[in-house]
Structure formats: structure tokens, C-alpha cells
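Undergrad: got a structure for you, letters missing:
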């Protein structure tokens, strides 16, 4: 409830515009409406930026801004010795400590002596900066995240201009709130200039990135754009059949905005309906995908076997999370590799591709689509929570530099068989339902090679 995701994304945009390489990791609580100030309710935003190439959001932290005791307790173990610790001292009252299951204030028990601690009365200072606007105390307190952001901008010598522009766009219809947030941002910056506590600020020069036009992109955004690009390059409609699940849901949200590219998104009633709707869409001639995470992947396995048996081009995205069963919805673990490789009954081999960075998700989506369409098979794409929610600067490719994905539908009934093999790729022909003289029967029973008739002979199997 302290607005950490907004401040994190604003700092990300600012350093990206400056030219730093960057990797981010937003960390959300899994509980629905976990009480503010409690340990399960801590929401954080981790940011790693540099003048060199950045590969991960990192483990050890140089600077930590803790808005309450729970946030401090959850994250203090990651802060380096002699690291910067900015604490909102206004939120360390007895009730705040009790919510965080702390008996003695860390600001008083010397447990923070190995860090450079800056106890700042964020609430009091924000109210002082905004009191002349005539807004209520609750509205003023909601601006304290921008006060903290202003402090960070001073600390790392970053301009407040990009965030001021964002505030103007966001609150343009509410001039009072726009002014309040801009003032809070300026007040945080000015506080660091005026106080003698902060004696050092840091300068991280731009990174030597390959020349080009860049944008900030998360892994889920990149996957969505990659599939749209693949459908365009193949000359097909894109269909997504999906059931919402963390951390894959954003792909559904993102693709639903691409109707102008002929994208069809279907939010199914469950995981099985999601994958079978995609199989149906592929049968009718679409580039079809389905998105999920570990528990949903388990539910899709029988239908994935159906896609293997019927040789249907399909891309299954598994955005991995932690733990068996429902497990850890907002925590990351790359735990589904063996499930992706072997998690189907009998022999149902499926190629598995894994992305390496948020930007790489775009190219993996293209490659998975190319393989699925060329060889008439399902393909699995593995991503995870870090890539899905994390972001990095991504160089936008030129559309003409992306090679086409050739697709040819069967139309000639002479000598047609639903499982007749292409001599080069061994793929069966893609026969659209309703094409005169062509027949392709969909079903999970064992197929005779060539004819597709039901066949139980061991040698055929």
C-alpha cells in the first residue's frame, strides 16, 4: 500500500532513458489483500542498473528504502555491510512493530549499526511540503512514495523530469493530486540537497549499448509481441486460449490489446478448456498458443498428448513459479523442466525452448512458432517469474529484418493422406476443415501412419 511498484517503475524508466543497462524484479505478495504493514503484505521492487551490461536483478543490495518495519525485516538480510538504509521512521510506532512481529525497534537496538542508516520522517516531511494545498491527510500520506523517489533521484544524480511528465499524464484530470505528487517528488530531492546527512551522491554513466531504438520491456510483454510478430510473418491469425494464473496472466492482458492485428484472446473457464480451445483454433488454421504456470501445466498434459498424436502446431508457454500444487504463486523457481520434458503419459516428445532474458522472450516466441508451424508439432516455451515481471532495455528490431515463416495449407485431394510425410521435414500436411476432398480426423486414439486410421498394431505404435 506504499506505492513501491509505481516508484520502482518510475526509477526504471528514468535510468533507462539516461542510457543505463538495467534489470528489474517487482516482488508481489501472494495473499489477496494481505494487511498493510505485515510480513506477508510486503511489496518490493528490486532494481539493478549499471554502466556495464546487466544480466540479473542481483542478490546483494547497495541501497534499501524500507517504508515500514515489515519491509525492513524481510529485506535487511540482502543489504551489503555499509550499505545505504533509508527508513521511514514515522512508521516505527508500537502498532507498526507489532504488525511486523518485532518487539524492539531496530532503530534503537543497534542491530543496524553495520549499515549507513538514514531515519527520515517521510510522513511528517511530506505533509509539511503539501499542507498549503488543502488536501486531506490521507491524500498527503499517499504521496510519500514520491518523496522517497525524489531522494533516490538526488542520491543517484537522476533528473525528475521523466517522472514529472508521467505524473502530468497520470493525474492530468486531477490537478490537485498532480501538483501534490510533483511537489512531494521535488521535496524529497530538496531534502537531500538541504540536509547534511547525505554527503555522497553517485554517478553511473550510460552503458555502451548497441546503437538503435530501445524500449523498456518485460518478459511477458516480449512474449506477447513475439507471438504477434510470428503470426504476421506466417500470415495467420493469432489465437490465445488461456486461464489466468500468476505469473502468466499478463500475456493474456497484453495480447488482448492487439485486436488491430487480428489477435483473438479467449479467457477459458479452466486450464483444460484453455489448451483444447487452442488445439481447436490450430485445427482451423490459426497460430495457436496457450499460457500457464506449473499447476496449470499439470492440467494441460493430456491435451498436450492429444496435440502430439494429432500433430497440431501449438505453443505452450509455462511461466514457472515455485512449489508443488498451488505452491508459491509470486515466488520464482525454475522447477518445471522435467515436467516439460517428460510430464506426459506414454511417448509424447515435445521440443522445449527456454528464454534467457526478458528481451530474449521475443525471439524465443518467434522461434517456437516457427518450429511448431514447420514441423506440425506442439512446442513448449519455458520462462519464469523473474523474466516475466522483470524488465530490461530491448532494442526494437526492424520488421523487415525478421525472416518470414512460410505456411502452406493442403488443397489438392489427389493422393492426400492426413499423415503423409513431407520428405524434408517429416511434417504431415495442414488440411483445413471444409477443404473439398480433404479429411483429417481429430482424436486421441492411436493413428496408422499415413492414413490416420485408428490402429492398435504394436509395430505401428
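TA: Received, thanks. Everything numeric here is computed off the predicted structure, so don't read it as measured data.
Undergrad: relative to residue 276, how far out is residue 303?
TA: Residue 303 sits 5 Å away from residue 276, going by C-beta to C-beta, to the nearest Å. (Each C-beta comes from the backbone N, C-alpha and C, glycine too.)
Undergrad: looking at those two, which is more packed in?
TA: Legend: neighbour count by other C-beta atoms under 10 Å for residue 303 and residue 276, higher for residue 303 (25 against 19).
Undergrad: okay, and the more buried one sits in which element?
TA: helix 294-310 (DSSP states H and E).
Undergrad: residue ranges with poor pLDDT in the protein?
TA: Residue ranges of the chain with pLDDT under 70: none are present.
Undergrad: quick one: the strands in it?
TA: 21-27, 44-50, 61-66, 79-88, 116-120, 214-218, 238-242, 264-267, 287-292, 314-320, 352-354, 378-384, 391-395 (DSSP state E).
Undergrad: between the ones you listed, which gets nearest to residue 96?
TA: Closest to residue 96 of the strands of the chain is strand 79-88 (C-beta to C-beta; 9.6 Å).
Undergrad: name the residues that touch the closest one?
TA: Contact with strand 79-88 is made by 60-68, 72, 76, 107, 112, 114-123, 144, 148, 151, 155, as judged by C-beta atoms under 8 Å, 6 or more residues apart in numbering.
Undergrad: next: stretch 446-459.
TA: Under C-beta under 8 Å, 6+ apart, the answer for stretch 446-459 is 309-310, 417-421, 440-441, 443, 445, 460-461.
Undergrad: ok, which stretches of the stretch 301-450 of the chain are helices?
TA: 337-342, 360-375, 385-389 (DSSP state H, counting those that start in this stretch).
Undergrad: could I get those as TSV with mean neighbour count and distance to residue 436?
TA: Shown next, in TSV, are the helices of the stretch 301-450 of the chain (neighbours: other C-beta atoms under 10 Å; distance: least, C-beta to C-beta, whole Å):
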stretch	mean neighbour count	distance to residue 436
helix 337-342	14	39
helix 360-375	22	23
helix 385-389	27	44
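Undergrad: quick one: which of those is nearest residue 39?
TA: Using C-beta to C-beta, the helices of the stretch 301-450 of the chain put helix 385-389 closest to residue 39, at 19.5 Å.
Undergrad: what is the closest one packed up against?
TA: Under the contact definition 3 or more C-beta pairs under 8 Å, 6 or more residues apart in numbering; DSSP states H and E, helix 385-389 sits against strand 21-27, helix 219-234, strand 314-320.
Undergrad: ok, now with 7 Å
TA: With contacts taken as 3 or more C-beta pairs under 7 Å, 6 or more residues apart in numbering; DSSP states H and E, helix 385-389 sits against strand 21-27, helix 219-234.
Undergrad: for residue 363, find the nearest of these.
TA: helix 219-234 (6.8 Å).
Undergrad: for residue 96, grab the count of nearby residues.
TA: 18.
Undergrad: got a list of what it touches?
TA: 37, 68-69 (C-beta atoms under 7 Å, 6 or more residues apart in numbering).
Undergrad: closest to residue 215 among those residues?
TA: residue 68 (33.6 Å).
Undergrad: what sits against the closest one?
TA: Per C-beta under 7 Å, 6+ apart, neighbours of residue 68: 37, 88, 91, 96, 100.
Undergrad: burial count for the closest residue to it other than its chain neighbours?
TA: When the adjacent residues along the chain are set aside, residue 68 lies closest to residue 91, with 4.2 Å between them (C-beta to C-beta, 6 or more residues apart in numbering). For residue 91, the count of nearby residues is 25 (other C-beta under 10 Å).
Undergrad: residue 91 contacts residue 70, doesn't it?
TA: No - at 9.3 Å, residue 91 does not count as touching residue 70 under the criterion of C-beta atoms under 7 Å.
Undergrad: out of the contacts of stretch 446-459, who's nearest residue 137?
TA: For the contacts of stretch 446-459, the nearest to residue 137 is residue 310 (63.0 Å; C-beta to C-beta).
Undergrad: got the contact list for that closest one?
TA: residue 442.
Undergrad: distance of it from residue 353?
TA: 21 Å.
Undergrad: next, the buried residues of stretch 44-64.
TA: Using 16 or more other C-beta atoms under 10 Å as the test for burial, stretch 44-64 gives 44-50, 54, 57-58, 61, 63-64.
Undergrad: how distant is it from the center of its chain?
TA: 17 Å (C-alpha atoms, centre = their mean, to the nearest Å).
Undergrad: between the two ends of that stretch, how far is it?
TA: End-to-end distance for stretch 44-64, by C-alpha to C-alpha, to the nearest Å: 10 Å.
Undergrad: next one: stretch 202-222
TA: OK, stretch 202-222 end separation, C-alpha to C-alpha: 32 Å.
Undergrad: ok, and what's touching it?
TA: 12-13, 16, 18-21, 49-53, 155-157, 250-251, 254, 355, 358-359, 361-362, 383, 387-396.
Undergrad: buried ones in stretch 273-287, by neighbour count?
TA: Neighbour-count burial for stretch 273-287 [16+ other C-beta under 10 Å]: 273-283, 285-287.
Undergrad: these two touch, right, residue 428 and residue 311?
TA: Yes - the pair residue 428 / residue 311 is scored as a contact, 5.0 Å apart, by C-beta under 7 Å.
Undergrad: thank you kindly, that will do.
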